[in-house]
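> Generate coordinates for the sequence data below:
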Amino acid sequence: MKIVILLFDNFTALDVVGPYDVLNKLPNSEIYLVGLEKKEYKDIYGLKILAAYSIDEISQADILLVPGGGGIDNLLKNKKITDWVRDIDNTTKWTVSVCSGSLLLAQAGLLNGKNCTTHWMRKDQLRNYNNVTIKDERYVQDGNIITSAGVSAGIDMAIYLISLLAGEQTAKMIQLAIEYDPKPPFDCGSPDKMPKEIIDRMKNKK
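Take a look at the predicted model:
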């Protein structure tokens with residue numbers, strides 16, 4: 001199972017590392033970290049992850065995963081990247097995204113007529129693309145595409161993807177292996193649970 005994860009500068013670390021840790025536990029899987037160039041890419045805090053392959057070296061995947069982060073906006077303007085995403089999607093069993101990574105799928109035309117989701121602060125941006133239907137869910141499957149909401153939702157999406165590939169029992173075993181049993185200290189992980197003044201403050205920090 002060839003799993004390709006796209007890297008770029010200013011990615012969100014958990015978007016990459018969460019699904020990476022889950023999908024690495026899939027039997028007979030091999031993960032390829034890929035970037036526009038073969039080099040180290042940094043998240044917004046300076047964490048570096050090496051892309052051992054460039055997109056010129058990867059032309060096929062069983063799974064393509066596009067993470068999100070502030071750097072995704074630069075990729076939307078890069079025709080070489082959007083063409084590559086579209087070409088890889090033609091070979092995949094599953095094409096998936098985390099957080100704002102769904103914007104790149106939309107830019108490549110892969111979400112036309114699809115149900116999808118993204119980070120709550122990116123939903124208006126995603127609505128600018130024609131013929132997408134945004135759902136308020138942790139992850140949304142439509143055909144062979146799965147989009148997930150913000151950051152931590154990528155873990156949920158990856159476990160769900162494991163269940164589709166290897167069965168529910170394997171997915172449950174992997175969920176137990178990473179002890180994924182969230183009990184956050186506050187019930188405020190989505191905008192509908194948060195006071196408006198806090199949401200407005202977060203939006204104004206952009």
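
> who's in contact with the residue positioned nearest the centre of the chain?
The residue lying closest to the centre of the chain (C-alpha atoms, centre = their mean) is residue 98, at 2.0 Å. By C-beta atoms under 8 Å, 6 or more residues apart in numbering, residue 98 lies in contact with 12, 15-16, 18-19, 65-68, 148, 151, 153-154, 157. (Glycine included, C-beta is placed from N, CA and C.)

> And the residue nearest to it when sequence neighbours are not counted, how far from residue 114?
Among residues not flanking residue 98 along the chain, residue 154 sits closest, at 3.5 Å (C-beta to C-beta, 6 or more residues apart in numbering). Between residue 154 and residue 114 the computed distance is 18 Å (C-beta to C-beta, to the nearest Å).

> More neighbours: which of these two?
residue 154 (30 against 20; other C-beta atoms under 10 Å).

> Just the buried residues of the helix or strand where the more buried one lies, please?
Using DSSP states H and E, residue 154 falls within helix 153-166. Buried residues in helix 153-166, defined by neighbour count with 16 or more other C-beta atoms under 10 Å: 153-162, 165-166.

> Touching it from outside, list them.
Against helix 153-166 from outside (C-beta under 8 Å, 6+ apart): 1, 14-15, 18-19, 22-23, 25-27, 63, 67, 93-94, 96, 98-99, 138-139, 141, 146-148, 170-171, 174-175, 178, 180.

> so how far is it from its chain's centroid?
With C-alpha atoms, centre = their mean, to the nearest Å as the basis, helix 153-166 stands 12 Å off its chain's centre.

> Now do the buried residues in the helix or strand following that helix.
Downstream of helix 153-166, the next assigned helix or strand under DSSP H and E is helix 168-177. Neighbour counts over helix 168-177 (16+ other C-beta under 10 Å) mark 170-171, 174-175 as buried.

> Average pLDDT for the helix or strand containing residue 105, rounded please.
Using DSSP H and E, the element containing residue 105 is helix 101-107. Here helix 101-107 scores 98 as its mean pLDDT.

> And that helix, what does it pack against?
Under the contact criterion of 3 or more C-beta pairs under 8 Å, 6 or more residues apart in numbering; DSSP states H and E, helix 101-107 touches strand 63-66, helix 72-76, helix 79-89, strand 94-98, strand 115-116, helix 123-127, strand 145-148.

> got the CA positions of the second one in CSV?
Going back to what we said before, that points to helix 72-76. Extracted in CSV, the C-alpha atoms of helix 72-76 (Å, rounded to 0.1, in the frame of the first residue of the first chain):
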residue,chain,number,x,y,z
ILE,A,72,-1.6,25.8,1.5
ASP,A,73,-2.6,29.2,0.0
ASN,A,74,0.8,29.4,-1.8
LEU,A,75,0.2,25.9,-3.3
LEU,A,76,-3.2,27.0,-4.7
